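Visitor: coords please:
(one chain, ligands or ions: 3)
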Amino acid sequence: MVQRNTWQRERVREALADARGFVSAQSLHATLRDDNTGIGLATVYRALAGLAAQGDADSLQSPDGEALYRACASSGHHHHLICRSCGLTVEIEATDVEQWAKRTAERHGFRDAEHIVDIFGLCASCAGAREEKRDAG
Ligand SMILES: [Zn+2]
Ligand SMILES: [Zn+2]
Ligand SMILES: [Zn+2]
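Guide: Ligands and ions are numbered 1, 2, ... in the order given. Below is the predicted model of the structure:
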């Protein structure tokens with residue numbers, strides 16, 4: 001394995017750690033561009049895919065099909081609550097979901113079952129801001 005572009009990958013990792021919630025490759029690339037790092041979008045895509053493959057980043061699909069990434073605090077299996085307005089992300093455990101998924105897989109004779117369950121919505125402060133706007137206008 002050639003260890004080219006290692007600093008770029010580290011830079012992407014840092015930018016991801018600084019992000020408050022899930023971000024797309026494009027928005028992370030925009031942040032890096034503002035810092036004049038000269039890192040290309042293709043490199044950001046590759047770095048993010050690599051971090052996700054190594055388990056250093058969580059990845060998921062937004063409701064409109066975009067790949068999003070985040071450097072999560074927990075390395076074990078967990079779920080996410082994501083604000084679709086500001087990107088605020090909360091890591092959650094979902095014991096009910098684990099039991100339901102296990103039971104359902106077993107009932108259908110599936111082994112090695114995995115699942116991805118993430119909840120998108122409006123966080124309290126974004127929902128509040130929206131209410132205020134509606135009241136004003
Ligand atoms: Zn996570
Ligand atoms: Zn929000
Ligand atoms: Zn789960």
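
Visitor: nearest residue to the residue in the chain positioned nearest to ligand 1 other than its sequence neighbours?
Guide: Here the chain gets closest to ligand 1 at one residue, C72, 3.1 Å apart by C-beta to the ion. Every C-beta, even on glycine, is put in place using the N, C-alpha and C of the backbone. In space, C72 comes closest to D58 once its chain neighbours are excluded; the distance is 4.6 Å by C-beta to C-beta, 6 or more residues apart in numbering.

Visitor: wait, isn't the residue of the chain closest to ligand 1 in contact with H78?
Guide: Yes - with contact defined as C-beta atoms under 8 Å, C72 reaches H78; the gap is 7.1 Å.

Visitor: Common neighbours of the two, please.
Guide: Common neighbours of C72 and H78, using C-beta atoms under 8 Å, 6 or more residues apart in numbering, are E91.
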